[in-house]
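S.K.: sequence? don't have it. structure:
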């Protein structure tokens, strides 16, 4: 069974050895926060954690439910027990402005090919994602041409 776990150091007196408090961030029994409750996590990339205990990770489900896997970038605040897993970006989700267009439709995420990172001293995170093309140029004659990256 795959899982993402972290250890936090419990405060102790200087003469004592430091004690670790291991907590599971996510494992195969956790439901992916989507509209389909049958999808559970089953694949993970390396997590990143900041000094405050906020973990960011890339994960996916299997293709249960007749639809493809749920894939995305997620966070979980491990500073307090019981905090939920929060999706940051998911496959099929709209790419935020200004990196999207609305004609003929917004660009959407289709893959997250690397593991995300988080700033050590803040909740600022960075990740790489691929999307449908996101640039449309309208020509003087009214026609349009599409270009850009995904």
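M.R.: Nice, I can see it. Bear in mind the structure is a predicted one, so any value in this text is a computation, not a measurement.
S.K.: residue closest to the middle of this protein?
M.R.: By Cα atoms, centre = their mean, the chain has its centre lying nearest to residue 73, at 0.7 Å.
S.K.: pretty sure that one is touching residue 91, no?
M.R.: No - using Cβ atoms under 8 Å, residue 73 makes no contact with residue 91, being 10.1 Å away. All C-beta atoms are positioned from the backbone trio N, CA, C, and that covers glycine.
S.K.: Now for the two: what residues contact both?
M.R.: Residues touching both residue 73 and residue 91 (Cβ atoms under 8 Å, 6 or more residues apart in numbering) are residue 112.
S.K.: hmm, back to that, mind listing what the closest residue to the residue nearest to the centre of the chain other than its chain neighbours touches?
M.R.: With Cβ to Cβ, 6 or more residues apart in numbering as the criterion, residue 73 has its nearest non-adjacent residue at 4.4 Å, and that residue is residue 88. Counting by Cβ under 8 Å, 6+ apart, residue 88 touches 56, 72-75, 116, 125, 127.
S.K.: Residue 88 and residue 61, how far apart?
M.R.: 16 Å (Cβ to Cβ, to the nearest Å).
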